[in-house]
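Student: Quick one, what's the 3D model for this:
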Amino acid sequence: MDRTRFILGLLSFVAVGMMIGGMFQLAFIKRLEEAPHDFSWANDPEAHLLRLGNIKPEVISWSPRITVFHNFLSAEECEYLKAIATPRLTISTVVDWKTGKGIQSDVRTSSGMFLTSDERKYPIVKAIEKRIAVYAQIPVENGELIQILRYGKDQYYRPHHDYFSDTHNQKRGGQRVATMLMYLSDTLEGGETYFPMAGERECSCGGKKVKGVCVKPIRGDAVLFWGMGLDGSTDPNSLHGGCEVLQGEKWSATKWMRQRATS
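Tutor: Residues are numbered from 1 along each chain as shown. Model prediction:
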């Protein structure tokens with residue numbers, strides 16, 4: 001009898017201890033949940049530059065490979081890029097495969113400009129480029145100069161591939177591997193980035209129902225997509241376009257990345 005009472009008493013003691021321990025554990029977890037999400041990075045300049053704790057990746061397609069990075073740019077960075085671009089916007093061009101030069105075409109009806117090599121050294125631009133390199137896992141030196149575009153009402157970019165079909169444009173840096181497309185404004189209606197080869201889902205492109213994947217422009221978000229597959233060959237499924245803007249204005253910044261250093 002005494003042995004039984006001892007065992008029951010011991011079990012009761014262990015049970016009470018476990019309950020008390022569980023309560024302390026729950027209290028500790030609650031304190032962690034209520035603490036600022038970036039508390040461990042508050043004094044880390046590298047974490048601030050990379051916007052750790054703010055950027056949220058979302059894989060939306062594996063073929064082609066497409067990832068949306070929510071909150072990739074801050075509102076201040078978006079306005080900064082727009083301010084640099086505004087005085088120098090000109091009618092956008094497309095690449096002439098025969099000469100490698102830009103020519104005007106009804107394939108693309110936006111206005112745009114490229115940042116200069118000097119502007120690439122500005123602290124804010126430098127921070128954005130490093131962020132792109134880290135999240136894309138492609139060295140900064142493999143990137144082309146950032147292009148900034150503005151699409152007004154009824155403007156668009158018909159579906160196309162970012163990789164080159166000729167050898168002329170591959171002489172400096174090789175083939176384009178991936179593209180980071182960053183949205184600098186919220187488009188009220190239309191202006192989606194459309195991937196017609198990304199599955200059989202239905203989405204809205206410029207007010208029209210289409211098959212594929214459509215990414216709505218949200219200021220600060222970025223879309224990373226790959227023009228080359230895992231086997232090193234160009235991926236025809238990376239076909240994409242800019243849907244017609246129905247209302248408002250669409251601003252974006254594009255970073256193309258190559259196989260090798262571009263300079």
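Student: Partner strands of the helix or strand hosting Leu149 and their direction?
Tutor: Assessed by DSSP states H and E, Leu149 sits inside strand 147-151. Here strand 147-151 has these sheet partners by DSSP bridges: strand 111-114 (antiparallel), strand 250-258 (antiparallel).
Student: which of these sits most buried?
Tutor: The highest mean neighbour count among the strands paired with strand 147-151, using mean count of other C-beta atoms under 10 Å, belongs to strand 250-258: a mean of 24. The way it works is simple: take the backbone N, C-alpha and C, and place the C-beta from them, glycine included.
Student: Can you pull out the residues in contact with that one?
Tutor: Applying C-beta atoms under 8 Å, 6 or more residues apart in numbering, the set of residues contacting strand 250-258 from outside is 78, 81-82, 129, 132, 136, 138, 142-144, 146-151, 155, 162, 173-185, 187, 190-191, 217, 242.
Student: Ok, stretch 65-72 next?
Tutor: By C-beta under 8 Å, 6+ apart, stretch 65-72 touches 51, 54-60, 131, 135, 182, 195, 198, 213, 215, 218, 220-226, 235.
Student: Filter those residues down to the buried ones, ChimeraX style.
Tutor: In ChimeraX, this line selects whichever of the contacts of stretch 65-72 come out buried by 16 or more other C-beta atoms under 10 Å:
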select :51,54,55,60,131,135,182,195,198,213,215,220,221,222,223,224,225,226,235
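Student: picking that back up, show the buried residues in the contacts of strand 250-258.
Tutor: Listed as buried from the contacts of strand 250-258 are 78, 81, 129, 132, 136, 138, 142-144, 146-151, 155, 162, 173, 175-185, 187, 190-191, 217, 242; burial here means 16+ other C-beta under 10 Å.
Student: Could you list which of the contacts of stretch 65-72 belong to strands?
Tutor: If you go by DSSP state E, the contacts of stretch 65-72 have 56-60, 182, 195, 213, 215, 222-226 in strands.
Student: Between the residues you listed, which sits nearest His168?
Tutor: Trp226 (22.4 Å; C-beta to C-beta).
Student: Please name the bridge partners of the residue most central in space within the chain.
Tutor: Closest residue to the average C-alpha location of the chain: Ala222 at 2.6 Å, with C-alpha atoms, centre = their mean. Under DSSP bridges, the beta-bridge partners of Ala222 are Phe69, Met182.
Student: if I pick it, what's in contact with it?
Tutor: Residues near Ala222 by C-beta under 8 Å, 6+ apart: Val68, Phe69, Phe72, Leu73, Met180, Leu181, Met182, Tyr183.
Student: roughly how far apart are it and Lys250?
Tutor: 14 Å (C-beta to C-beta, to the nearest Å).
Student: Pro139 against Glu129, yeah?
Tutor: No - Pro139 sits out of contact with Glu129 when judged by C-beta atoms under 8 Å, with a separation of 10.4 Å.
Student: in the stretch 51-200 of the chain, which spans are strands?
Tutor: Taking DSSP state E, counting those that start in this stretch as the test, the strands found in the stretch 51-200 of the chain are 56-62, 65-70, 90-91, 94-95, 102-103, 111-114, 147-151, 157-160, 176-183, 189-190, 193-195.
Student: Dump these into CSV; add mean pLDDT and distance to Arg258 as well.
Tutor: Converted to CSV, those look like this (pLDDT from 0 to 100; distance: least, C-beta to C-beta, whole Å):
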stretch, mean pLDDT, distance to Arg258
strand 56-62, 97, 22
strand 65-70, 98, 17
strand 90-91, 89, 24
strand 94-95, 59, 14
strand 102-103, 58, 18
strand 111-114, 95, 15
strand 147-151, 96, 14
strand 157-160, 94, 18
strand 176-183, 98, 6
strand 189-190, 96, 31
strand 193-195, 98, 21
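Student: okay if I get those strands as JSON lines plus distance to His168?
Tutor: Putting those into JSON lines (distance: least, C-beta to C-beta, whole Å) gives the following:
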{"stretch": "strand 56-62", "distance to His168": "30"}
{"stretch": "strand 65-70", "distance to His168": "26"}
{"stretch": "strand 90-91", "distance to His168": "23"}
{"stretch": "strand 94-95", "distance to His168": "9"}
{"stretch": "strand 102-103", "distance to His168": "13"}
{"stretch": "strand 111-114", "distance to His168": "19"}
{"stretch": "strand 147-151", "distance to His168": "19"}
{"stretch": "strand 157-160", "distance to His168": "17"}
{"stretch": "strand 176-183", "distance to His168": "13"}
{"stretch": "strand 189-190", "distance to His168": "34"}
{"stretch": "strand 193-195", "distance to His168": "27"}
